[in-house]
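Visitor: Attaching a predicted model along with its sequence, questions to come.
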Amino acid sequence: RFRGALHLAGGVTSVRDLANNKQLKKLSNRFNNNKIIGPRIVTFSGIIDGPGPFANQRNVVNNLEEGLREIQEYKKLGYQQIKLYSSIKPEWVRPLIEEAHNIGMKVSGHIPAYMTASKAIESGYDEIQHMNMLFLNFLSDTIDTRTPLRFTMVAKHGSNLDLKSVEYLDFIELLKSNETLIDPTVSIFENMFVSKKGEPSPTFKKIINRLPLINQRKYYSGGLPKPRGQEENYIKSFDKMLDVIFDLYQKGIGIVPGTDGLPGFLFHRELELYEKSGIPSAEVLKLATIKAAEIIGVNPLTAKLSAFAVSSFFVGISGSLFFSVYLGAAEVTEAFGISVSFSVLFMIIIGGLGSIFGSFIGAAFMVLMPVLLKNVLVGAMGWPTDLAAHFEYIIVGGLILIFLIIEPHGLAQMARVLKEKLRLWPFPH
């Protein structure tokens, strides 16, 4: 539950949940009905893992038949995707994927122990989570990836991956021909491979001072234990991950930005690392917005045109009411000239960007302020009318600069802050 609030605090309002049990729908309903704070969940993915000491306890099946039934259950609940985890037996993978595909569900996940990413893709994987799962493809299918070996083997040997080798290029072609998506979650590996014990993790360095002390401590732990003399090699292995991300981008492999750590805030770092890999900033933003929308089935062009149509409808109605009801009759250029256009813009800026309540109080301010100035400056103080009008311009211009630079959310935010302080007064702590 607390993760929902963290997502919104980090500016993330829509998420794909790729590894959860059957309670996720109930949680999503509470988010959507404003019972608790949280994002809109746009993709529901049910997790399935096999038996064993390392099994993910959110949903364990003991045989293939149970796994097939679980897929049906997730489908009935409205889930769109299945995530297979590390303890799934390799021989179960293809029949589980076929069952999911037959009922219109996609399959993603870890690469099960004793299986390679290539074999998983050939079996029908639609998406692979975590960059280390790709690197393990070039090491061995005898590594027990249920254990921390899935991290340490990549940290030790990842720097040796040759992006010009036939094996690697064949793997890229396999990804492309099957249109397999990659969710790198590379930020978690920066924390594991690069961070040093006793120093702030580079992954969280920009925000660490804003966190409670109890949370800050774990970001000084140094990530994975690094054998003496291997520190630079671990960093090179992480750098190689960034090289692979950029190569995937250049070769047209679908990249889905995601995280596997601190909700909301780690997503920012994920995008920063994509830019660090060499992907242009504008393209990184597309991956996080337009491309992500396309992946979940949203047509960006249709969405944009729909938003334009709806907003145009309300603007048209407002304009017709302005002329027919408020003014009665008038020449368009005279009634809605540049001064009126600026007044409307100033109402929004002063009231607060992105706030309906702010628009109302901004409008009230712009209407009532000239009246107040006229009564005070002209009526009470005897100022000339033209001087009072110039003073009005100075006030409005100054307020616009203040709100745009210091408080973009305008009077609406100031009202919220005041309300909160009055709620706590006289005991602010």
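Guide: Good, I have the coordinates.
Visitor: ok, now which ones touch residue 135?
Guide: Counting by C-beta atoms under 8 Å, 6 or more residues apart in numbering, residue 135 touches 154, 157-158, 161, 240-241, 244. For every residue, glycine as well, the C-beta is placed using N, CA and C.
Visitor: so which strand or helix has it?
Guide: Assigned by DSSP states H and E, residue 135 falls within helix 131-135.
Visitor: Next SSE downstream of that helix?
Guide: Scanning onward from helix 131-135 (DSSP H and E), the first element met is helix 149-157.
Visitor: separation between residue 363 and residue 77?
Guide: 46 Å (C-beta to C-beta, to the nearest Å).
Visitor: This protein: strands as residue ranges?
Guide: 14-20, 40-48, 81-84, 106-109, 127-129, 181-183 (DSSP state E).
Visitor: other SSEs contacting the first one?
Guide: The reference is to strand 14-20. With contacts taken as 3 or more C-beta pairs under 8 Å, 6 or more residues apart in numbering; DSSP states H and E, strand 14-20 sits against strand 40-48, strand 81-84.
Visitor: Tell me which other helices or strands the last one touches.
Guide: Spelled out, that is strand 81-84. strand 14-20, strand 40-48, helix 90-102, strand 106-109.
Visitor: how about these in TSV, adding mean neighbour count and mean pLDDT?
Guide: Converted to TSV, the helices and strands packed on strand 81-84 look like this (neighbours: other C-beta atoms under 10 Å; pLDDT from 0 to 100):
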stretch	mean neighbour count	mean pLDDT
strand 14-20	20	89
strand 40-48	21	93
helix 90-102	17	97
strand 106-109	24	96
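Visitor: CSV please, covering those and showing distance to residue 191.
Guide: Below are the helices and strands packed on strand 81-84 laid out as CSV (distance: least, C-beta to C-beta, whole Å):
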stretch, distance to residue 191
strand 14-20, 19
strand 40-48, 23
helix 90-102, 29
strand 106-109, 22
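Visitor: Nearest to residue 196 among those would be which one?
Guide: Each of the helices and strands packed on strand 81-84 has some distance to residue 196 by C-beta to C-beta; the shortest is strand 14-20, at 29.6 Å.
Visitor: Just want the angle from the closest one to strand 40-48.
Guide: 10 degrees (axes from the mean of the first three to the mean of the last three C-alpha atoms, to 10 degrees).
Visitor: Roughly how far does the closest residue to residue 129 other than its chain neighbours sit from residue 85?
Guide: Spatial nearest neighbour of residue 129, chain neighbours left out: residue 183 (4.7 Å); criterion: C-beta to C-beta, 6 or more residues apart in numbering. Plainly put, residue 183 is 14 Å away from residue 85 if you go by C-beta to C-beta.
Visitor: Same question for residue 3.
Guide: 19 Å.
Visitor: Please name the nearest non-neighbouring residue to residue 384.
Guide: Residue 384 sits nearest to residue 378 (C-beta to C-beta, 6+ apart), 7.7 Å away.
Visitor: returning to that earlier point: right, and the residue nearest to residue 129 touches residue 127 too?
Guide: Yes. Judged on C-beta atoms under 8 Å, residue 183 makes contact with residue 127 at a distance of 6.2 Å.
Visitor: joint contacts of those two?
Guide: By C-beta under 8 Å, 6+ apart, the residues touching both residue 183 and residue 127 are 108, 256.
Visitor: For residue 3 and residue 85, indicate the residue with more neighbours.
Guide: residue 85 (23 against 15; other C-beta atoms under 10 Å).
Visitor: Give the residue spans of the stretch 101-250 of the chain that score low on pLDDT.
Guide: Applying pLDDT under 70 to the stretch 101-250 of the chain flags no residue at all.
Visitor: again, 80 this time
Guide: 141 (pLDDT under 80).
Visitor: can you give me the helices in it?
Guide: Along the stretch 101-250 of the chain, counting by DSSP state H, counting those that start in this stretch, helices occupy 117-123, 131-135, 149-157, 166-178, 186-193, 213-216, 231-250.
Visitor: which other helices and strands contact the first one?
Guide: The reference is to helix 117-123. Using 3+ C-beta pairs under 8 Å, 6+ apart: helix 117-123 touches helix 90-102, strand 127-129, helix 166-178.
Visitor: Of all these, which one comes closest to residue 374?
Guide: strand 127-129 (64.4 Å).
Visitor: Now render the strands of the chain as JSON lines, adding distance to residue 213.
Guide: JSON lines is the format used below for the strands of the chain (distance: least, C-beta to C-beta, whole Å):
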{"stretch": "strand 14-20", "distance to residue 213": "28"}
{"stretch": "strand 40-48", "distance to residue 213": "31"}
{"stretch": "strand 81-84", "distance to residue 213": "34"}
{"stretch": "strand 106-109", "distance to residue 213": "36"}
{"stretch": "strand 127-129", "distance to residue 213": "32"}
{"stretch": "strand 181-183", "distance to residue 213": "32"}
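Visitor: so which of these gets nearest residue 415?
Guide: strand 40-48 (26.4 Å).
Visitor: tilt between that closest one and helix 90-102?
Guide: Going by the same axes, to 10 degrees, strand 40-48 makes 140 degrees with helix 90-102.
Visitor: Pull up the pairing partners for strand 40-48, direction included.
Guide: Using DSSP bridges, the strands paired with strand 40-48 are strand 14-20 (parallel), strand 81-84 (parallel).
Visitor: Turn those strands into TSV, columns for distance to residue 205.
Guide: Formatted as TSV, the strands paired with strand 40-48 follow (distance: least, C-beta to C-beta, whole Å):
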stretch	distance to residue 205
strand 14-20	24
strand 81-84	30
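Visitor: for the ones you listed, which one sits closest to residue 293?
Guide: It's strand 14-20; of the strands paired with strand 40-48, that one is closest to residue 293 (C-beta to C-beta) at 8.8 Å.
Visitor: burial measure for residue 210, as a count.
Guide: 10.
Visitor: For it, give its distance to residue 3.
Guide: Counting by C-beta to C-beta - residue 210 and residue 3 are separated by 17 Å.
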